[in-house]
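J.: show me how the following folds:
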Amino acid sequence: MEAAPVAPASAGGFADAGSGGSAGSRYDALLRQIVQLNTDLQKTAALSQTLQRERDDVQQLNVKVTFCFHSESKRLHERCDKLQLVLMQETEHKLIAKWKKQLEVKARAFETLQKKFAPPRDLEQLRIKIQEEMEGPYQQRIESLQDEVERHRQLSFDLRREFEVLKAEYEQFSIDQVRPFDQLFGSQP
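T.: Numbering: from 1, shown residues only. Okay, here's the model as predicted:
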């Protein structure tokens with residue numbers, strides 16, 4: 001099957017078959033279409049440049065936010081470490097002061113009992129008996145306080161672990177926020 005011959009432009013080949021218009025009106029329509037396409041192209045180029053600038057701004061903001069996050073994270077870690085140290089020192093000082101007071105009270109009670117009831121020959125036996133009575137509760141108390149210190153350490157560890165999880169979630173969130181822009185504009189080095 002042969003293709004139909006194409007009429008030359010001077011013979012009205014550009015005119016619409018059904019419109020019966022001249023080559024000039026077809027040329028004007030094509031010229032208007034070219035002008036419209038050129039206008040659309042310029043608008044699209046301007047929009048593309050605007051979106052690229054916005055993407056660059058978002059990337060710069062992300063860098064700033066990431067830097068601020070890391071700085072704040074470091075500061076919070078340091079503060080947490082300092083607070084843990086202060087807490088442990090305060091607890092230790094309170095325990096020592098409490099034990100000293102208890103020991104002084106027991107020593108005074110012992111001296112009172114010694115003066116009141118103990119003849120010199122039974123003094124050594126009484127001292128041993130009181131020492132045994134005092135060591136038992138204090139040993140239990142020490143174990144109880146050691147358990148309390150261990151609970152505080154575990155709490156500190158749990159808080160640190162929770163902080164690390166939140167940090168990882170934030171970093172993933174930051175990555176997820178940039179990914180749509182990278183997919184839209186393609187990754188640029």
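J.: surely Phe181 touches Arg53?
T.: No. Here Phe181 lies out of contact with Arg53, judged by Cβ atoms under 8 Å, at a distance of 11.7 Å. For every residue, glycine as well, the C-beta is placed using N, CA and C.
J.: so between the two, which is more surrounded?
T.: Phe181 (18 against 10; other Cβ atoms under 10 Å).
J.: could you look up the SS state of that one?
T.: Following DSSP: H, G, I helix; E, B strand; the rest coil, we place Phe181 in the helix state.
J.: quick one, what contacts Gln183?
T.: Under the criterion of Cβ atoms under 8 Å, 6 or more residues apart in numbering, Gln183 has no neighbours.
J.: hang on, I meant Arg55
T.: Counted by Cβ under 8 Å, 6+ apart, Arg55 has contacts 181, 184-185.
J.: helix or strand: which one has it?
T.: Counting by DSSP states H and E, the element that carries Arg55 is helix 23-116.
J.: relative to the whole chain's centre, how far out is that helix?
T.: 6 Å (Cα atoms, centre = their mean, to the nearest Å).
J.: neighbouring contacts of stretch 95-106?
T.: 130, 134, 138, 145.
J.: tell me the spacing between Glu124 and Met134.
T.: According to Cβ to Cβ, to the nearest Å, Glu124 stands 16 Å off from Met134.
J.: now swap in Ser22 and tell me
T.: 122 Å.
J.: and for Ser156?
T.: With Cβ to Cβ as the criterion, Ser156 and Met134 are 33 Å apart.
J.: just Thr39 next, same as before
T.: 98 Å.
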